[in-house]
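Undergrad: Compute the structure for the input listed below.
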Amino acid sequence: MFKIESLGKGLYVIHYLNKIMFFSIYKCTKRYSSLEWELQSILDICRNKITALIPVNAIITDLQIIQGVFNFYIYKESFAKIRNKGLLLSMFILGMDQLKTTIDFLTRKYNESSEYFLVILDKIKVNRGKCIPYSFKSNFERNELLILSKNISNILEKL
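TA: Model prediction:
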């Protein structure tokens, strides 16, 4: 059985079969004009945590984040060769299947947006002035579910 539960203040847990998957999500305002600089400033805070920076305009539905986290936990062993686990998490969230394409897409969307989602695979509170805990607001509409099925098919083709 699949169940997602809010632990409050941007902290969530997914229960699936006997697995428990924790993650945190924040909506942040950009501090730097460069994706690399922004990511480096975040990684200084989230040391040793798998972290993804997803521009707000890069996703269509909040459900992509939930699905990306879920798929990461389920399929991470199949993608063990990828060293950058944050980038792998981004690929799962976006439903992309190539590292370079994902990096280019994230960079372009970051340059076009003033905000981004910070997704961390752990229970962690981020004390950063321009980041606030995020609450999911999705109503599970048909178009959102179609995006999710496209994303999972991209991942399964690679297995």
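
Undergrad: Let me see the ranges of the helices in this protein.
TA: Assigned by DSSP state H, the chain shows helices spanning 35-45, 63-75, 85-94, 99-112, 142-158.

Undergrad: would you turn the ones you listed into CSV with mean neighbour count?
TA: For glycine as for every other residue, the C-beta is placed from the backbone atoms N, C-alpha and C. Output for the helices of the chain, formatted as CSV (neighbours: other CB atoms under 10 Å):
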stretch, mean neighbour count
helix 35-45, 15
helix 63-75, 21
helix 85-94, 23
helix 99-112, 15
helix 142-158, 13
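
Undergrad: Tell me which of those helices lies nearest to I25.
TA: Nearest to I25 among the helices of the chain is helix 63-75 (6.4 Å), distances taken as CB to CB.

Undergrad: If you count contacts, what does the closest one end up packed against?
TA: In this structure, helix 63-75 packs against strand 11-16, strand 19-29, helix 85-94, strand 115-120, helix 142-158, with contacts taken as 3 or more CB pairs under 8 Å, 6 or more residues apart in numbering; DSSP states H and E.

Undergrad: right, so of the helices of the chain, which gets closest to K130?
TA: Evaluated with CB to CB, the helices of the chain place helix 35-45 nearest to K130, the distance being 10.2 Å.
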